[in-house]
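Trainee: Sharing a model prediction with you, sequence too.
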Amino acid sequence: MRRSVFLYVIVGCLFFITSVSAESATLRTNVILNHPYVLLSDLFDGILPSEDRKIGAAPPLGTRYTIGGDQLTAIAAQFGVEWLDASPILSTTIERASYTINQSDLLPVIEEKLNFKENDYTKIELKEFVPIKIASNEFKGSQQINVHFCDDKHEDFQGEIKIPLSKEGELKIYPFEGVVIKKVLAVVARHDLYPGQSILAEDLEQKPIKYVSIDGEKELSVNDIVGLVAKKKIAAGHIMVASELIHPQLVSRGTPVVLLFASENLRVTISGIVLDEGGKGDIVHVYNALSKMILTGNVMSRSEVKVISGITPLSADERRLSMNRLPSL
């Protein structure tokens with residue numbers, strides 16, 4: 001009788017031990033590692049320190065991989081882990097924890113330090129930048145970023161990232177370089193334009209282009225250009241500049257016009273004959289037959305020229321007028 005009781009007690013104890021082992025060997029489904037290897041205890045709960053083993057390499061910093069159910073079952077069998085819930089549909093994800101600096105983290109800091117405000121047309125680009133990754137348990141404190149322009153053009157820049165490590169006084173330094181790509185919204189020809197062609201709105205478009213300084217030229221809007229005439233062929237995509245455009249010709253040599261002289265309290269009109277060709281706003285010379293004087297003015301319309309005050313009229317003889325039978329009004 002005593003022997004039977006003793007056997008029941010032994011069997012019960014073995015059952016109890018087996019049950020505890022089965023409960024403790026449970027799968028960890030999401031694992032974040034701070035070391036460069038995978039331990040048996042990283043995969044399964046309940047592994048005793050004396051039973052723990054290195055079973056493989058951890059993924060690279062900041063990356064992850066997945067171990068499927070069949071491989072987990074094989075690992076458990078190889079190291080004697082009693083995993084009662086083993087199934088081919090289960091899996092676990094292993095991720096290597098890291099402190100990472102991406103380009104998106106760095107660009108706002110560079111913009112602030114360079115006192116640069118990004119818009120839709122001007123961008124900062126880093127040259128061949130590779131994300132910086134450091135093991136989380138090695139990183140300490142906060143990084144220091146220094147950056148400066150390479151020249152007075154404020155285009156190319158260089159800098160470095162200093163990252164403190166957990167070891168006292170130890171730093172990792174990562175250099176970087178980049179460029180500020182300046183663009184402006186410019187008016188360009190939508191297609192080829194030809195000499196003498198009047199320019200319409202549909203001949204133009206606005207595009208962000210790399211900034212190029214053109215001496216003596218100002219930026220033109222679509223409204224500034226519409227109605228002007230191309231002086232020479234303008235290729236599609238070419239920036240529209242004032243020096244390549246003229247006003248449409250309103251008057252030509254021999255055109256009869258009204259000369260207008262206006263001041264604060266005086267308005268005088270006289271007739272005259274244009275001696276030059278010109279478009280709206282152009283400066284032309286006009287001969288007045290009555291006074292035999294030549295006046296200078298701006299073309300206002302096909303029949304009107306406004307005298308420019310401050311310019312002394314010339315006599316026809318001084319000008320050496322050589323026109324055959326100028327028509328008169």
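Mentor: Great, that's in hand. Numbering: from 1, shown residues only.
Trainee: rest of the way, CA atoms for contacts and neighbours
Mentor: Fine.
Trainee: Leaving out sequence neighbours, find the closest residue to the residue nearest the centre of the chain.
Mentor: Of all residues in the chain, the one closest to the mean position by CA atoms, centre = their mean is K123, 3.2 Å from it. For K123, ignoring the flanking residues on the chain, the nearest one in space by CA to CA, 6 or more residues apart in numbering is I181 at 5.3 Å.
Trainee: Quick one: neighbours of A76, just the number.
Mentor: 18 (other CA atoms under 10 Å).
Trainee: CA-only coordinates of the host helix or strand of it in CSV, if you can.
Mentor: A76 belongs to helix 69-78 when assigned by DSSP states H and E. This file holds the C-alpha atoms of helix 69-78, laid out as CSV (Å, rounded to 0.1, in the frame of the first residue of the first chain):
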residue,chain,number,x,y,z
GLY,A,69,6.8,28.5,-37.0
ASP,A,70,8.7,25.6,-38.6
GLN,A,71,12.1,27.2,-37.8
LEU,A,72,11.0,28.0,-34.2
THR,A,73,9.9,24.4,-33.7
ALA,A,74,13.3,23.2,-34.9
ILE,A,75,15.1,25.6,-32.6
ALA,A,76,13.0,24.4,-29.6
ALA,A,77,13.8,20.8,-30.5
GLN,A,78,17.5,21.4,-31.0
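Trainee: mind listing what the residue nearest to K123 touches?
Mentor: I181 is in contact with T122, K123, I124, E125, E155, K210, counting by CA atoms under 8 Å, 6 or more residues apart in numbering.
Trainee: ok, the first one - contacts?
Mentor: Contact criterion CA under 8 Å, 6+ apart gives V180, I181, K182, K183, V184 as the residues in contact with T122.
Trainee: same check, this time on the fourth one
Mentor: The neighbours of E125, taking CA under 8 Å, 6+ apart as the test, are G178, V179, V180, I181.
Trainee: any idea which of those residues is least confident?
Mentor: Scanning the contacts of E125 for pLDDT, the low point is I181. It has 83.
Trainee: how close does it get to I32?
Mentor: Distance check for I181 against I32: by CA to CA, to the nearest Å, it reads 40 Å.
Trainee: What of A58?
Mentor: 10 Å.
Trainee: now A186
Mentor: If you measure A186 against I32 using CA to CA, the figure is 52 Å.
Trainee: The two: which has the busier surroundings?
Mentor: For the pair A186 and I32, the greater number of neighbours falls to A186 (21 against 15), based on other CA under 10 Å.
Trainee: Helix, strand or coil: sort out the more buried one for me.
Mentor: strand (DSSP: H, G, I helix; E, B strand; the rest coil).
Trainee: Does it touch L204 like I think?
Mentor: No: between A186 and L204 there is no contact under CA atoms under 8 Å: 10.1 Å.
Trainee: Flag every buried residue along the helix or strand containing Y99.
Mentor: For Y99, the element it lies in under DSSP H and E is strand 98-101. The neighbour-count criterion (16 or more other CA atoms under 10 Å) identifies S98 as the buried residues of strand 98-101.
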